[in-house]
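**Q** pasting the sequence and the predicted coordinates here, then a few questions.
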Amino acid sequence: MPFSKKSAVTFLDVAAIPDEIQWRILEWRNSDSVRSQMLRQHLISREEHGAWLAGQRSGAGETRCRVAHVDDKPFGVVSLNHIDMRAGNSDWGMYIGEKEFLGKGLGKVLLAEILRWGFEEMDLQRLYTSVLATNAQALDLYLKAGFIQEGRWRNHVLCETGERKDLLWIGMLRDEWEAEKSRILQWALSR
């Protein structure tokens, strides 16, 4: 399928998409390219994924997930995790699951959606996440979007290979989003 920079990107709640795509997420998450960049690198079982989907359908948990589509083809995921409405903060995550969409600038679009969703739709005050210190490409993307590196946990992640890696923490505050919103959205569109 040809991909154009003018292609429409939409985001749909995971509970509102067909079952086939809900289960496709398990394939994406268990792929080596996605799993190797996660804190928990184990293979996710069908049972574990099914329980996660049940939580998404009920809306009872503190995680929300949306599936990104280009021209109606699903390609990736954005999520808000550990949502704390009282404190006004949330961890977040994202990944591109379909290899044909890698390297097309869509990471910027996913990141802009997380910021818009968290700060404007959810009315949060702070968004944060962690990234493996060895994932220079992701860290560069996050810093270009305006996130600030807030800390480093040394040897925190035990990888499937037995290697230990440092974990970097980054965050953005609502007032930082508001001050940089126009620049960030323009940057995301410059794919």
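**A** That came through fine. Computed from a predicted structure; not experimentally measured. Numbering: from 1, shown residues only.
**Q** hey, where'd the strands end up in this protein?
**A** Assigned by DSSP state E, the chain shows strands spanning 9-13, 64-70, 73-84, 89-96, 126-132, 148-158, 164-173.
**Q** would JSON lines of those with mean neighbour count be doable?
**A** For the C-beta atoms, the positions are set from N, CA and C on the backbone; glycine is no exception. Output for the strands of the chain, formatted as JSON lines (neighbours: other C-beta atoms under 10 Å):
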{"stretch": "strand 9-13", "mean neighbour count": "15"}
{"stretch": "strand 64-70", "mean neighbour count": "22"}
{"stretch": "strand 73-84", "mean neighbour count": "19"}
{"stretch": "strand 89-96", "mean neighbour count": "20"}
{"stretch": "strand 126-132", "mean neighbour count": "20"}
{"stretch": "strand 148-158", "mean neighbour count": "13"}
{"stretch": "strand 164-173", "mean neighbour count": "18"}
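**Q** out of the ones you listed, nearest to residue 20?
**A** Closest approach to residue 20 among the strands of the chain (C-beta to C-beta): strand 73-84, 9.5 Å.
**Q** report the longest helix in this protein, please.
**A** Determined from DSSP state H, the single longest helix within the chain is helix 174-189.
**Q** so which elements touch that one?
**A** The elements that helix 174-189 packs onto, with contact taken as 3 or more C-beta pairs under 8 Å, 6 or more residues apart in numbering; DSSP states H and E, are helix 106-116.
**Q** quick revisit: contact partners of the longest helix of the chain?
**A** 88, 108-109, 111-112, 115-116, 119, 124-126, 144-146, 148 (C-beta atoms under 8 Å, 6 or more residues apart in numbering).
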